[in-house]
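1. Can you look at this prediction? I've put the sequence above it.
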Amino acid sequence: MTAGRLEYVSDPRPVPYRFDTDATAALVRSEFGELEPGSETGRIVRLAGRLMLRRGQGKLAFGQLADSSGRIQLFATANETPNFEDFGRLSLGDWLGVTGEVMTTRKGELSIKVLDWTVLAETRRPFPDKWHGITDPDTRYRQRYVDLWVTEEARQTLTTRSRVISLIRRWLEDRGFIEVETPVFHPIPGGALARPFVTHHNALDQDMFLRIAPELYLKRLVVGGFEKVFEIARVFRNEGISPRHNPEFTMIELYQAYADWTDMMSLVEEMVAHLATEIHGTTTISYQGRDLDLSVPWRRAPLADLVSEAIGERVGIDTPVDHLRALCDRHDVDWKDYYGPGKLLLELYEKTAEGVQWQPVFVTEYPVEVSPLARPHRDLPGMTERFEAIVAGRELCNAFSELLDPDDQRERFESQVRERDNGDEEAMAVDDDYLRALEYGLPPTGGLGIGIDRLVMLLTDSATIRDVVLFPTLRPEQTEGRDGEPAAELDTGEETLP
RNA sequence: GGGCCACUAGCUCAAUUGGCAGAGCAUCGGACUUUUAAUCCGCUGGUUCAGGGUUCGAGUCCCUGGUGGCCCA
């Protein structure tokens, strides 16, 4: 670390409080991309960014200025650049504000001839190798502020993520959906089968749960008359970390009154095809070296059919429990005594059939037993009008015709409580206020939840969710205080008992 | 939770059979008026993840722990 390096520069000027720019690297390129070698344009521009390459050349110096749009060469001369000696002493990574003339060098490289410059911030820490960057994944995620400068794919992927979310928002708003915000603190965790994070509100002296899904609040809003709503919701699930799981992740959930699950299928496939076209210009993309055809329509296949196909014999919700258990044993699936046929069928599906699907498929007809918020299938007893979209072997979304009947919903909740008593820590609890809302009447409604992180993984060809999350959850670093003492414990304001 | 692998300078990586811890880049000093990861000369820079063990001698072998990656549950 080089502390206070710029104190030794012969003419240190104070770091300004603001710096006006009127150009970016990309703007200069697009406007002057086709200049002949040796051109001088007379056009003066002001831009700012980090110095990422530097080449001293005696009475000349070259550099590369990087901003959020890209990079462009800086050209400094002893005659025309103020404080030329100091310019040559800048470190890779220093932030600069530059005023200069757009020109090309003798070799034809588009450049900014530096006519004035100022340091906007010095880097006290050396930047990573200018060619190799950072390869250690842990360092990349922990020091994303460095990674974004030295790993071009990271910058592009995370920029694409922002773009995807923006496109989704616009696409839904164009279809009459309104965006809402519902509570993150839930008194009762609900809306999904997952273990929550628990926290505590001191003034209310009450435990709260970070939401595992916004579903029940959004359906309350449909009861309240918001006919088309969506929320881009950060949700929190207290489970393991893997290439496909981050404890906090982003879902988009939407609800549409007077619609059913078939409307949700159309909506998903059209929206995803739209996103692929906007991002890639085509609905046929490549993911992890394999083609992925996102063109509408996607295949539809009942869950029981896919299981039957995978295990080579016909099974369904009416297959005897003993036989389903035997099949689970044969396919190395753990089961519990309280599992009914629906749960056994789902476990078999997840073990044998889900991962082998590559092209998009709507897996339809989920058992009532494992779908406590979905409406019973209009034709098939024991089934619900629920589907998941599987793309590249992974769940992309979950959707259904919403369960409307408060009496049925209460029974489903109570069945969940029995599962919890049996030891299933992911089972739901009874939410009386939600039942009260249903008693006021929820109209026929289609609901849908999409995992944004996984969607962005598909659209950016990312192998791990950590590559599409700016700051993925990591174990805390062993930190030290300034004097090498262990860092002070965080004071939570919690009163401790004597 | 289980298995396998990795961890060496700020970054990227070497180090033969267990035998003086090295290079490139960055940093720092110097040369250079058209460079393109510039080039050239020089100087710095190490708790080899931590602790223990074996040994005349450990980056290397053994044990325990840490962090990360991949796979499985």
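-> Okay, I see it.
2. Contact residues of the stretch 201-350 of chain A facing RNA strand B?
-> The interface of the stretch 201-350 of chain A toward RNA strand B, taken as Cβ under 7 Å from any atom of the strand, is made up of A:240-243, A:332, A:334. C-beta here means a position set from N, CA and C on the backbone, and glycine is covered the same way.
3. Hmm, I typed the wrong one, I wanted the stretch 51-200 of chain A.
-> So the stretch 51-200 of chain A meets RNA strand B at A:53-60, A:62, A:64, A:73, A:75, A:77-79, A:88-89, A:91-92, A:105-109, A:111, A:125-139 (Cβ under 7 Å from any atom of the strand).
4. Now a ChimeraX select for only the buried ones of the residues you listed.
-> Selection of buried members from these for ChimeraX, criterion 16 or more other Cβ atoms under 10 Å:
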select /A:54,60,62,64,73,75,88,89,91,92,105,111,127,128,133,134
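5. among the residues of the stretch 51-200 of chain A next to RNA strand B, which are in strands?
-> A:53-57, A:60, A:62, A:64, A:73, A:75, A:77, A:111 (DSSP state E).
6. I'd say A:P189 and A:A429 touch.
-> Yes. Contact status for A:P189 versus A:A429: in contact at 7.1 Å, counting by Cβ atoms under 8 Å.
7. neighbour-wise, which of those two wins?
-> Shown here are A:P189 and A:A429; by other Cβ atoms under 10 Å, A:P189 has more neighbours (25 against 13).
8. Spit out the contact partners of the more buried one.
-> Applying Cβ atoms under 8 Å, 6 or more residues apart in numbering to A:P189 gives the contacts A:196, A:209, A:211-212, A:428-429.
9. Now with 7 Å, please.
-> Contact partners of A:P189, counting by Cβ atoms under 7 Å, 6 or more residues apart in numbering, are A:196, A:209, A:212.
10. so which of the residues you listed is the most crowded?
-> Busiest of those [other Cβ under 10 Å] is A:I212, holding 24 neighbours.
11. ok so that one is a strand residue?
-> No. A:I212 is assigned coil when assessed by DSSP: H, G, I helix; E, B strand; the rest coil, not a strand.
12. Let me see the confidence value for it.
-> Note for A:I212: predicted pLDDT of 96.
13. and if you look at A:G423?
-> 89.
14. One more: the one 4 residues further on?
-> With respect to pLDDT, A:A427 scores 93.
15. repeat for the one 4 residues further on
-> Per-residue confidence (pLDDT) for A:D431: 97.
16. okay, and for the stretch 1-150 of chain A, where does confidence drop off?
-> For the stretch 1-150 of chain A, applying pLDDT under 70 flags the ranges A:1-13.
17. can you confirm A:L158 is in a helix?
-> Yes. Secondary structure of A:L158 (three-state DSSP): part of a helix.
18. residues touching A:G133, list them.
-> A:150-151.
19. For A:A192, see how far away the closest residue to RNA strand B within the stretch 151-300 of chain A is.
-> Using Cβ to the nearest atom of the strand, A:P243 is the residue of the stretch 151-300 of chain A that sits closest to RNA strand B, at 4.2 Å. Distance, A:P243 to A:A192, using Cβ to Cβ, to the nearest Å: 21 Å.
20. Show me just the buried residues among the residues of the stretch 201-350 of chain A next to RNA strand B.
-> Members of these classed as buried by 16+ other Cβ under 10 Å: none.
21. sorry, back to before: max pairwise distance over the ones in strands among the residues of the stretch 51-200 of chain A next to RNA strand B: which two?
-> A:L53 and A:T77 (17.5 Å; Cβ to Cβ).
22. got the phi/psi numbers for A:Y366?
-> When read as degrees, to the nearest 10, the backbone of A:Y366 gives phi -90, psi 140.
23. try the one 5 residues further on
-> Per-residue torsions, A:S371: phi -140, psi 70 (degrees, to the nearest 10).
24. can you pull out the helices in the stretch 351-498 of chain A?
-> Taking DSSP state H, counting those that start in this stretch to define them, one finds helices in the stretch 351-498 of chain A at A:406-421, A:432-439, A:452-460.
25. quick one, the first one and helix A:432-439 angle?
-> So that's helix A:406-421. Relative orientation of helix A:406-421 versus helix A:432-439 (axes from the mean of the first three to the mean of the last three Cα atoms, to 10 degrees): 160 degrees.
26. Kindly format the C-alpha coordinates of helix A:406-421 as CSV.
-> Presented in CSV, the C-alpha positions along helix A:406-421 are these (Å, rounded to 0.1, in the frame of the first residue of the first chain):
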residue,chain,number,x,y,z
PRO,A,406,-61.3,-19.9,2.5
ASP,A,407,-62.5,-23.2,4.0
ASP,A,408,-60.3,-25.2,1.7
GLN,A,409,-57.4,-22.9,2.4
ARG,A,410,-57.9,-23.4,6.2
GLU,A,411,-57.8,-27.1,5.7
ARG,A,412,-54.7,-26.8,3.6
PHE,A,413,-53.0,-24.7,6.3
GLU,A,414,-54.0,-27.2,9.0
SER,A,415,-52.6,-30.0,6.9
GLN,A,416,-49.4,-28.1,6.7
VAL,A,417,-49.3,-27.7,10.5
ARG,A,418,-49.6,-31.4,10.8
GLU,A,419,-46.6,-31.8,8.5
ARG,A,420,-44.7,-29.3,10.7
ASP,A,421,-45.6,-31.4,13.8
